[in-house]
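Asks: here you go, sequence then predicted model.
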Amino acid sequence: MLDSVTLDQLRTFIAAAEQGSFSAAGRKLRRAQSVVSQTLHNLEAQLGVSLFDRSGRYPRLTEAGVALLTEARGVADQMDSFKARARAMKDGLEPELSVVVDVMYPMEGLTRAAAHCREFSPNTSLRVYVEALGGVIRPVIDGVCRIGIVGSLPVIPDELASEPLIDLPFITVVAPSHSLAERKGPISRKHFEKQVQLVLTDRTTLSEGRTFGVLSPLTWHLADLGAKHAFLTAGLGWGHMPLHMVKKDLDAGTLVRIKIEGLPRESYLPMHVVYRKDTLPGPAGRAFISQLRL
């Protein structure tokens, strides 16, 4: 009986567990709820264990279901990887490479990767988007972009594979005319809470309900990092910025570095390259990724 377990049954099991109900799993898989229920019933009969407790309003994973869900995901991921590698071998060099880049990532790394990709595969056209937070993740999930370089959104969805790239130094800055710039040494959080914090906002809902590095209840949300930089230099608030983006301002004195009490003077933003587990980068994509580690 176990030999007859199918990948489709495992994917149905995973969808039901992740969506929280058989009807929601059916919508995700574009199947009737009755088909989902019957598929799971057959799977449980073949395995000889109950995967869901159906006594409540919504099905809940049993102890066996929790244990087997991890294994099922591993099997599904391995099959996705197998098919993706086979597809890449069949297709050969990509006719086009689409990349979405986190606005935080240094442009020198991006241009180096683009130059190497052109040399490696001169007939592969390149399409590049620059986004922030969930705006980097969404095009990869939707299949619009093959590769994403992400950092400002630290949560990576399960359907994406990720590889570590670099850790970017991140600092807190204000204009020299700002009242926070007058304070010497580490500044207590109560002083920051009384000042406007300039925050990069998400164009998508992927970071909904989460805040990253927000300390003040007084926030101005900006969807563009260039606008945030301009607001900082104009003295309209304080904020966190990648060191490489404000180094010239620090040298020129148009921005000054400040330290938050209890936090390190310099923190780091981990950057990753991401791609769908079922659509691995091809040869040109791999050549591009190879140059992203500064």
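Replies: Perfect, thanks for sending it. Numbers count the residues shown, from 1 in each chain.
Asks: show me which strand runs longest in the chain.
Replies: Determined from DSSP state E, the single longest strand within the chain is strand 160-174.
Asks: can you give me how far that one is from the chain middle?
Replies: Distance of strand 160-174 from the chain centroid (C-alpha atoms, centre = their mean, to the nearest Å) equals 12 Å.
Asks: elements contacting the helix or strand following it?
Replies: Using DSSP states H and E, the next helix or strand after strand 160-174 towards the C-terminus is helix 189-192. When contacts are defined as 3 or more C-beta pairs under 8 Å, 6 or more residues apart in numbering; DSSP states H and E, helix 189-192 packs onto no helix or strand at all. In this view, the C-beta of every residue, glycine as well, is placed from N, C-alpha and C.
Asks: name the surrounding residues that touch helix 189-192.
Replies: For helix 189-192, contacts defined as C-beta atoms under 8 Å, 6 or more residues apart in numbering pick out 180, 183, 215-216, 238, 260-262.
Asks: what would it look like as CSV? C-alpha coordinates only.
Replies: What follows is helix 189-192, C-alpha atoms only, in CSV (Å, rounded to 0.1, in the frame of the first residue of the first chain):
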residue,chain,number,x,y,z
ARG,A,189,15.2,55.1,23.2
LYS,A,190,12.8,57.6,24.8
HIS,A,191,14.4,60.4,22.9
PHE,A,192,14.0,58.5,19.6
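Asks: tell me the mean pLDDT for it?
Replies: What helix 189-192 shows for mean pLDDT is 83.
Asks: swap in stretch 65-85?
Replies: 85.
Asks: which positions in that stretch come out as buried?
Replies: 65, 68-69, 72-73, 76, 80, 84 (16 or more other C-beta atoms under 10 Å).
Asks: and residue 168, what does it touch?
Replies: 104-106, 151, 242-244, 268-271.
Asks: now residue 160
Replies: Applying C-beta under 8 Å, 6+ apart to residue 160 gives the contacts 137, 140-141, 148, 274-277.
Asks: looks to me like residue 81 is in a helix.
Replies: Yes - secondary structure assignment places residue 81 in a helix (DSSP: H, G, I helix; E, B strand; the rest coil).
Asks: look up which helix or strand residue 126 falls in, please.
Replies: Here residue 126, judged by DSSP H and E, is contained in strand 125-131.
Asks: contacts for that strand, please.
Replies: 95-103, 110, 114, 117-118, 139, 145, 203.
Asks: do stretch 237-257 as well
Replies: 104, 106, 168-176, 178, 180-181, 192, 195-199, 213, 220, 225, 228-229, 231-233, 258, 265-266, 269.
Asks: so among those, which ones count as buried?
Replies: 104, 106, 168, 170-175, 178, 180-181, 192, 195-199, 213, 220, 225, 228-229, 231-233, 258, 269.
Asks: who touches residue 44 in this structure?
Replies: By C-beta under 8 Å, 6+ apart, the contact set of residue 44 is 50-52.
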